[in-house]
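Participant: quick one, structure for this:
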Amino acid sequence: MTDQPVLVLAATGGQGGAVTDALLGRRARVRALVRDPGRRSARELSARGVEVVAGSLSDRESMASAMSGVAAVFAFTTPFEAGVDAEVEQGRAILAAARDKRVPHLVFSSVAGADQDSGVPHFESKARIEAELTAGDVPYTILGPTYFFDNALGGAERVLEGVLDLPLPPDRPLQQLARPDLGAFAAEVLLDPAPYTGRRIELAGDAPTPAQMAAALGAALGREVRHEQVPLAAIGNPDMHAMWAFLNGPGYRVDIPALHAAHPQIRWTPFAEWARRTWAGAR
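Facilitator: Prediction:
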């Protein structure tokens, strides 16, 4: 293991936090880029031994400074604050900073399906970043997580009322992933990049149907939860409408058995286990 730190961008977010936790669990040195080092979440990272530095995903200079002397970088971009064009610019700033500092290895968290011409705006923006990354000279690995289990938390009140709203048929499998599994996989790549350099790897831990998800949530809560299929026409956000149309159509294409067989060191959390851990205290 290198003595140089691993830089995690957006380290207080869901993905960055999971990667930071996994790296710390493996006793790696971690440097975290955060927008406000004074925030409670950033102070908590510092208390755990993380080197916290200020910066922004849109600020090339702050990221270049944070990348000085690192062994590797975990990078993540988001369209959900300023839109997909701003996300592409984030990606370009990250790649420019990594190139300037000759970063030894960059792990970019994209999304499964970004290489399928999906027509989903926030998939296509990541595809544009992937294209620029693969055409450049920064050593890289691209990770493509599927739908996160945690996304079910967006409808927490409805789940507690006994309803899981999803715009899918009840028997349509949805490939999904626990954030800690993404963190564990990313940490594996960041600390031992050679087997993964130049590769694009899509990640999924389970593929429950909405009916199975509702049953698992009901078992965790100790009461019935039923799936209610939301009509696609009811989804007004164009990006989310396109995503659910994609998931009702071709969908993700992760070969889950092959992935798990190739990487047995990852726990690969089933949805039912995640539901028990996450919802058992919400009764």
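Participant: and stretch 193-200, C-alpha only, in CSV?
Facilitator: Extracted in CSV, the C-alpha atoms of stretch 193-200 (Å, rounded to 0.1, in the frame of the first residue of the first chain):
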residue,chain,number,x,y,z
PRO,A,193,-5.0,-0.2,-9.9
ALA,A,194,-2.9,-2.4,-12.2
PRO,A,195,-5.6,-5.1,-12.8
TYR,A,196,-8.2,-2.5,-13.6
THR,A,197,-6.4,0.2,-15.6
GLY,A,198,-8.2,1.1,-18.8
ARG,A,199,-11.3,-0.9,-18.0
ARG,A,200,-14.9,0.0,-17.7
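Participant: figure out how far it is from the centre of its chain.
Facilitator: Centroid separation for stretch 193-200 versus its chain: 18 Å, with Cα atoms, centre = their mean, to the nearest Å.
Participant: average pLDDT across it?
Facilitator: In this model, stretch 193-200 has an average pLDDT of 98.
Participant: show residues contacting it.
Facilitator: Residues from elsewhere that reach stretch 193-200 (Cβ atoms under 8 Å, 6 or more residues apart in numbering): 72, 104-105, 107, 110, 115, 130, 139-142, 144, 188-189. From N, CA and C alone the C-beta is placed, and that goes for glycine too.
Participant: the residues you listed in helices, which ones?
Facilitator: Taking DSSP state H, the ones among the contacts of stretch 193-200 that sit in helices are 130, 188-189.
Participant: restricting to C-alpha, output stretch 38-57 in PDB.
Facilitator: What follows is stretch 38-57, C-alpha atoms only, in PDB (Å, rounded to 0.1, in the frame of the first residue of the first chain):
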ATOM      1  CA  GLY A  38     -16.200  24.000   8.400                       C
ATOM      2  CA  ARG A  39     -19.400  21.900   7.900                       C
ATOM      3  CA  ARG A  40     -20.100  19.300  10.400                       C
ATOM      4  CA  SER A  41     -19.700  16.400   7.900                       C
ATOM      5  CA  ALA A  42     -16.200  17.700   7.000                       C
ATOM      6  CA  ARG A  43     -15.200  18.100  10.600                       C
ATOM      7  CA  GLU A  44     -16.300  14.600  11.300                       C
ATOM      8  CA  LEU A  45     -14.000  13.400   8.400                       C
ATOM      9  CA  SER A  46     -11.100  15.300   9.900                       C
ATOM     10  CA  ALA A  47     -11.800  13.700  13.300                       C
ATOM     11  CA  ARG A  48     -11.400  10.300  11.700                       C
ATOM     12  CA  GLY A  49      -7.900  11.200  10.400                       C
ATOM     13  CA  VAL A  50      -8.900  12.400   6.900                       C
ATOM     14  CA  GLU A  51      -6.900  15.300   5.400                       C
ATOM     15  CA  VAL A  52      -9.700  17.700   4.500                       C
ATOM     16  CA  VAL A  53      -9.100  20.400   1.800                       C
ATOM     17  CA  ALA A  54     -11.400  23.000   0.400                       C
ATOM     18  CA  GLY A  55     -12.400  23.000  -3.300                       C
ATOM     19  CA  SER A  56     -15.100  22.600  -5.900                       C
ATOM     20  CA  LEU A  57     -15.800  20.200  -8.700                       C
END
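Participant: count of neighbours near the closest residue to residue 69 other than its chain neighbours?
Facilitator: Of all residues not flanking residue 69 in the chain, residue 4 sits nearest, at 6.0 Å (Cβ to Cβ, 6 or more residues apart in numbering). Residue 4: 14 surrounding residues under other Cβ atoms under 10 Å.
Participant: SS state for residue 4?
Facilitator: coil (DSSP: H, G, I helix; E, B strand; the rest coil).
Participant: re earlier: pLDDT and neighbour count for the contacts of stretch 193-200 - can I get that in TSV?
Facilitator: TSV is the format used below for the contacts of stretch 193-200 (pLDDT from 0 to 100; neighbours: other Cβ atoms under 10 Å):
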residue	pLDDT	neighbour count
72	98	26
104	98	16
105	98	23
107	98	24
110	97	24
115	94	18
130	97	20
139	98	17
140	98	25
141	98	24
142	98	23
144	98	23
188	98	18
189	98	22
